[in-house]
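A.B. asks: starting from these lines, generate the structure:
(chains A, B, C and D)
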Protein chains: 2
Amino acid sequence: MTAPAHPTRPRRSDVTRAAILRAARERFAADGYERATIRAIAADARIDPSMVMRYYGSKEGLFAAAAEFDLRLPDLTDVPPGRFGAVLVRHFLARWDGDETLVALLRAASTNPGAAERMRGIFADQLTAAVATFGTDPATTARRAGLVASQILGLAFTRYIVRLPPMVELDPEEMVSWVAPTLQRYLTGQPDS
Amino acid sequence: MTAPAHPTRPRRSDVTRAAILRAARERFAADGYERATIRAIAADARIDPSMVMRYYGSKEGLFAAAAEFDLRLPDLTDVPPGRFGAVLVRHFLARWDGDETLVALLRAASTNPGAAERMRGIFADQLTAAVATFGTDPATTARRAGLVASQILGLAFTRYIVRLPPMVELDPEEMVSWVAPTLQRYLTGQPDS
DNA sequence: ATTGTGTGTCAACAGGTGTTGGCATACGGT
DNA sequence: ACCGTATGCCAACACCTGTTGACACACAAT
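C.D. replies: Have a look, this model is predicted:
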């Protein structure tokens, strides 16, 4: 992600670019889009605010670069269908703890339309595509993906943003045992069953 | 909520106060805490920005007044235990559509610590108190309330904030039939069942 | 050694923010 | 009719925001 995609000669400023991106993710995750100021991000990266503008064009551009994200949903073809839910919850919890990009995106999506659209894209495209491989009726795929997203994002919102005490204190495996059946039903079950 | 609690002589400015509060809720709900400016709120209420300061002290004070909220959780003593989930989902959907205060609180909670605390209070106190009346093991009450909050807030977040298409399009009764069993299990079930 | 380009700093701009104090006016009690 | 108070508007303050342009330096190629 840091290395340039094109085989250009590596730029001397790549470390600066990376430092800006890292500081931006931290600030966006901690403060949300509007409270995270370019000046604060630049100070964290120990460079001048004008560098941010030169390398990323604008605050929106910086956020777009910092919020690049891949859910890296696991391949579920080898997983027994009855364990889809558990695998997914475990994956999301790990993904969330390991990369603050998602928290940044979650915070920003509440107030920034661009961030909301990015979030929509991630959960509508990536998650729907994964759900589609489960072999359920294609007509219900989008709905199932939406319901899964609602529980996953609700989990993240209460655990990482609002920090509801019981949701913060639940250790991952307990969380899995409670939430996995929910996803399982959204993925493969029927309503009101 | 608009009428003064104390039996003081009604103030001549009550209509103005109410107009400010209504405009504030709208703006906070639409734009979040930081993007909702006092000037914009005052313009909506057709008064001068300085009036907002005089009547509510500060922007924080205005938000605190605008985010006053009661979930009005229904009395569930007459409801068959097997229908707790359905009743709750239906209640929350109606509550959310009928009062934009919750959307304002939800948006603001992502970036404003005070709003997050308010949200924590509402869902930790009001919801936990309601769950406690269900007669399950008191040691698990807070956990069950937290899980219910995670699904309810995830529903609201995806439907009203991010506006994930499948979650926006689901009509209320379909939503109930999908989500009610989840709450039902969080309330009265066991993990990994 | 000289040029050109990439990297970085500094100072400033224009606009918007929450907030404040002063002043005019209209009301309600006497 | 008078007076104190409540209500409202206006102008301004001090600060912070994203953004821009000019200038200094370091490096690579010639």
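
A.B. asks: so what pLDDT did A:Phe134 get?
C.D. replies: At A:Phe134, the pLDDT value in this model is 80.

A.B. asks: please tell me how far it sits from DNA strand D.
C.D. replies: Distance of A:Phe134 to DNA strand D, computed by CB to the nearest atom of the strand, to the nearest Å: 42 Å. All C-beta spots, glycine's among them, are computed from the backbone N, C-alpha and C.

A.B. asks: roughly how far does the closest residue to that residue other than its chain neighbours sit from A:Gly146?
C.D. replies: Distances taken as CB to CB, 6 or more residues apart in numbering or on different chains put A:Leu187 closest to A:Phe134, at 6.1 Å, once the chain neighbours are dropped. Per CB to CB, to the nearest Å, A:Leu187 is found 12 Å from A:Gly146.

A.B. asks: so which of these two has more stuff around it?
C.D. replies: Legend: neighbour count by other CB atoms under 10 Å in any protein chain shown for A:Leu187 and A:Gly146, higher for A:Gly146 (26 against 21).

A.B. asks: so which helix or strand takes in the closest residue to the more buried one other than its chain neighbours?
C.D. replies: Using CB to CB, 6+ apart and skipping residues adjacent in sequence, the residue nearest A:Gly146 is B:Pro166, 3.3 Å away. Per DSSP states H and E, B:Pro166 falls inside helix B:165-169.

A.B. asks: counting by contacts, list what the very next helix or strand once past that helix packs against.
C.D. replies: Toward the C-terminus, helix B:165-169 is succeeded by helix B:172-188 as the next helix or strand (DSSP H and E). Other helices and strands packing on helix B:172-188, by 3 or more CB pairs under 8 Å, 6 or more residues apart in numbering or on different chains; DSSP states H and E, are helix A:141-156, helix A:172-188, helix B:84-98, helix B:141-156.

A.B. asks: dump these into JSON lines; add mean pLDDT and distance to A:Thr77 as well.
C.D. replies: Formatted as JSON lines, these follow (pLDDT from 0 to 100; distance: least, CB to CB, whole Å):
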{"stretch": "helix A:141-156", "mean pLDDT": "97", "distance to A:Thr77": "17"}
{"stretch": "helix A:172-188", "mean pLDDT": "97", "distance to A:Thr77": "14"}
{"stretch": "helix B:84-98", "mean pLDDT": "95", "distance to A:Thr77": "33"}
{"stretch": "helix B:141-156", "mean pLDDT": "97", "distance to A:Thr77": "27"}
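
A.B. asks: out of the ones you listed, nearest to DNA strand C?
C.D. replies: helix B:141-156 (24.7 Å; CB to the nearest atom of the strand).

A.B. asks: shouldn't A:Ala64 be in contact with A:Asn112?
C.D. replies: No - in terms of CB atoms under 8 Å, A:Ala64 does not count as a neighbour of A:Asn112; the distance is 10.6 Å.

A.B. asks: which residues touch the residue nearest to A:Phe134?
C.D. replies: Counting by CB atoms under 8 Å, 6 or more residues apart in numbering or on different chains, A:Leu187 touches A:84-85, A:88, A:131, A:134, A:136, A:144, A:148.

A.B. asks: for chain B, what's its nearest residue on chain A.
C.D. replies: Chain B sits closest to A:Gly154 of chain A, with a gap of 1.9 Å, by CB to the nearest CB.

A.B. asks: out of everything not next to it in sequence, what's closest to that residue?
C.D. replies: Excluding the flanking residues, the one nearest A:Gly154 by CB to CB, 6+ apart is B:Gly154, at 1.9 Å.

A.B. asks: so what's the residue count around that neighbour?
C.D. replies: B:Gly154 has 24 neighbouring residues, counting by other CB under 10 Å.

A.B. asks: what sits against it?
C.D. replies: B:Gly154 neighbours (CB under 8 Å, 6+ apart): A:149-155, A:157.

A.B. asks: for those residues, pick the one with the most neighbours.
C.D. replies: Neighbour counts for the contacts of B:Gly154 (other CB under 10 Å) peak at A:Ser150, which has 32 neighbours.

A.B. asks: picking that back up, got TSV for the helices and strands packed on helix B:172-188, with distance to A:Ile122 too?
C.D. replies: Listed next are these as TSV, based on distance: least, CB to CB, whole Å:
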stretch	distance to A:Ile122
helix A:141-156	9
helix A:172-188	17
helix B:84-98	24
helix B:141-156	15
